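# what's the 3D shape of this:
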Amino acid sequence: MTEEAVVPPPRAAAPERPAPPPRAGGVVRPSRARSAFAGRRRFFPGPADREILWLYLLTRTAIWITVHCTGWLFPAAPRTRHAAPALAPFEQWDWGHYLHIAREGYFPGGGGPGLAGWDNREAFFPGFPLVLRAVHAVVPHWTAAGLLISFLAGAVAVVALARIARLYLPGTHADRRTVLFLLLSPCTIFLAAGYTEALFLALALPAWLAAQRRNWPLAAVLTALATTVRVSGLFLAAAIGLHFLLTARTHRDGRRLPWTVLPALPAVLYSWYLHAHTGDWMAWKHAQERGWHRAFHAPWEAWGNTWTGAFGDVQATGYAFMFQAELAAMLVGLLLLGLLVRQRRWPEAFYIGLSLWALGTSYWYMSIPRATLLWWPLWINLAAWSLRHPRFKGIYLSLACPLAAVFALTFLSGRWAG
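Here you go, the predicted model:
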C-alpha cells in the first residue's frame, strides 16, 4: 500500500473589499490617512498633557499671588500708601533691554559705539524682541505682551518636557514629577517674567523631541528658531548634531545631514547685521564683555573670583548671596554632567558641558541658576531619582520652594537676582 501525500484543500479566497470612494483632491490610502492623523495628533494635548497644563496653571496662580503681595509689601517708594502697578514688579533688569530693542531697535537713530543709545543691548539676540514687537501689535501694553509670550511659551515647554520624560521613563508617571520639579525650582520666576527662558524652552524642547523621533528637518528648524532667542541654541544644535551622528548610520538618515547646519544660520545673520553697523563680527560677544564681565578667564580663575564675591566680604549681602547661588548651581551642573557621562548619554552631556564651559569661563559666574531652567536632563534625572527613593520628592520640595520664594521676592522687588 502506497502512502499518498495529503494536500490540504485550497482556502476560499477572501472577498475583495470595495475600494474607498475618492475624496476631494484625490484618493488617499487609509493607512497613510491614519498615519497623517496620528502625526497631527502629536501637536494637540492629550489627557496626560492636560494634566500637565493644569499643574502649570496652578503654579502660575501661585506666582501671581506672590506678585500681588510683593507689590504691596515692597513698593518702589518707601512709606507709600499705594501699591505698585500690577505689572510693575516684572519690569526689572534685562526686561529693559528687550523692551528698548523691541521699540527702538539695536541702533536707534543710527547710533553705534560711543553714540547716544549705546547700552550694550546688542548682547541680546533678536528672537524675543521680534516676537515682543509682533505681540505688541495686538496687546498694546508692552509688559503684558511680554508676560503673555512667556505664559504661552511656558505652556508649550512643559508639555514638551513631559513628553520627553515619557520617552526616557515610560509608564512611571515621571512626566508630572519632571514638570513639577521644574516649575517649583528656585529660579522658576524667570519662566513667568518677560525673559527669554520660556520662549527658548518652547522651541528647544520640541526640537529635542523631534530629534528623538528622527524628524531632522523639524528639529533643525526649531533649533534655528531657538538660536534666534539665545546663544544656547548653538549648544542645542551641537547636541542634536551629535545625536544625528550617533543614530544616522543605524537608521540610514545620512541624506538628512545638511539639516544639521541650519541652526547656525541665525547666529551668522545676526553677526552680519551687527558687523554692518559696528564693523565688528563679534559685537554681541564684546557687548557681553563690556556690560557683564564675560571676557574669557580660566575656569579656576572664574571659580576663585566668584568665591571671593560670595564669601570675601567684598560685596553687599544681597550680591554675596547670589554669588553663593552661582557656586551651588555650578556644582549641580558638574554633578549632572558626570551623571550623564556615566549614563553614556553623550548628546545631553555635550549640551550641558558646552553650557557650563560658556558660563564658567567668565571673570565670575553669572546667571548659572537661571540657566538650570534650560537643563532638561536635570529635571528628568531628579524625577527618576524620586521614583527610586520616595522620600526624595519631599526633600526636594522642602528645599526648592523656599528658595523659589526668595528668588521671586528678590527679582520682583528690584533686587539683583542673578
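# Is residue 186 in a helix, a strand, or coil?
Using DSSP: H, G, I helix; E, B strand; the rest coil, the three-state assignment for residue 186 comes out as coil.
# residues touching it, list them.
325, 369, 372, 400, 403, 404, 406, 407 (CB atoms under 8 Å, 6 or more residues apart in numbering). C-beta here means a position set from N, CA and C on the backbone, and glycine is covered the same way.
# Among the residues you listed, which pair sits farthest apart?
Farthest-apart pair in the contacts of residue 186 is 372 and 406; separation 15.1 Å (CB to CB).
# neighbour count winner among the two?
The neighbour count for residue 372 versus residue 406, taken as other CB atoms under 10 Å, is higher for residue 372 (21 against 15).
# In space, what's closest to that one - neighbours in sequence excluded?
Nearest in space to residue 372, with sequence neighbours left out and distances taken as CB to CB, 6 or more residues apart in numbering, is residue 329 at 5.7 Å.
# Tell me if I'm right that the one you found and residue 366 touch.
No: if you go by CB atoms under 8 Å, residue 329 and residue 366 don't touch, sitting 10.6 Å apart.
# so what sits against both of the two?
By CB under 8 Å, 6+ apart, no residue touches both residue 329 and residue 366.
# Name the SS class of residue 191, please.
Note that with three-state DSSP, the state of residue 191 is helix.
# any idea how far residue 364 lies from residue 373?
20 Å (CB to CB, to the nearest Å).
# Also residue 245?
Separation of residue 245 from residue 373 (CB to CB): 28 Å.
# If you tally nearby residues, what's the number for the residue lying closest to residue 94 once chain neighbours are set aside?
Nearest non-adjacent residue to residue 94, counting by CB to CB, 6+ apart: residue 195, 6.2 Å away. Residue 195 has 24 neighbours, counted by other CB under 10 Å.
# Give the phi and psi angles for residue 241, as a check.
Backbone geometry at residue 241, expressed as degrees, to the nearest 10, gives phi -60, psi -40.
# any idea how far whichever strand or helix holds residue 98 is from the chain center?
For residue 98, the host element (DSSP states H and E) is helix 94-104. For helix 94-104, the separation from the chain centroid amounts to 20 Å (computed by CA atoms, centre = their mean, to the nearest Å).
# Give the buried residues for that helix.
94, 95, 97, 98, 99, 100, 101, 102 (16 or more other CB atoms under 10 Å).
# and the gap between residue 56 and residue 156?
10 Å.
# what about these two, which has more around it?
The residue with more neighbours, out of residue 56 and residue 156, is residue 56; 22 against 18, by other CB under 10 Å.
# Tell me how far the more buried one lies from residue 154.
The gap separating residue 56 from residue 154 is 7 Å, by CB to CB.
# Repeat that for residue 57.
Distance from residue 57 to residue 154, by CB to CB: 10 Å.
# Next up, the contacts around the closest residue in space to residue 345 that isn't next to it in sequence.
Spatially, and ignoring its direct neighbours in sequence, residue 345 is nearest to residue 377 (7.0 Å; CB to CB, 6+ apart). Contacts for residue 377 were tallied using CB under 8 Å, 6+ apart; they are 336, 340, 345, 348, 351, 352.
# out of those, who's nearest residue 142?
Distance to residue 142, by CB to CB, is smallest for residue 351 among those, at 32.5 Å.
# Now that that closest one has come up, it's in contact with residue 237, right?
No: taking CB under 8 Å as the definition, residue 351 is not a contact partner of residue 237, at 9.5 Å.
# what number of residues lie near residue 279?
Residues lying near residue 279 (other CB under 10 Å) number 10.
# Next up, phi/psi of it, please.
Per degrees, to the nearest 10, the backbone of residue 279 is at phi 80, psi 10.
# gap between residue 329 and residue 379?
When residue 329 is compared with residue 379 (using CB to CB), they lie 14 Å apart.
# The residue nearest in space to the middle of the chain: what's its closest spatial neighbour, skipping adjacent residues?
Centroid-nearest residue in the chain, with CA atoms, centre = their mean: residue 201, separated by 2.4 Å. Among residues not flanking residue 201 along the chain, residue 157 sits closest, at 3.7 Å (CB to CB, 6+ apart).
# From residue 370, how far off is the residue nearest to residue 94?
Applying CB to CB, the value for residue 195 to residue 370 is 8 Å.
# Can you list the low-confidence ranges for the stretch 251-400 of the chain?
Residues of the stretch 251-400 of the chain meeting the criterion pLDDT under 70: 251-252, 254.
# Check the stretch 101-250 of the chain too.
110-118.
# those helices in it, which residues are they?
Taking DSSP state H, counting those that start in this stretch, the helices of the stretch 101-250 of the chain run over residues 127-136, 142-168, 174-183, 189-192, 197-212, 216-229, 232-251.
# got the contact list for the fourth one?
Just to be clear, that refers to helix 189-192. For helix 189-192, using CB under 8 Å, 6+ apart, the contacting residues are 60, 63, 66, 90, 147, 150-151, 154, 157, 183, 197-198, 201, 370, 373, 404, 407-408, 411-412, 417.
# before we move on, the earlier item: out of the contacts of residue 377, which are buried?
336, 340, 345, 348, 351, 352.
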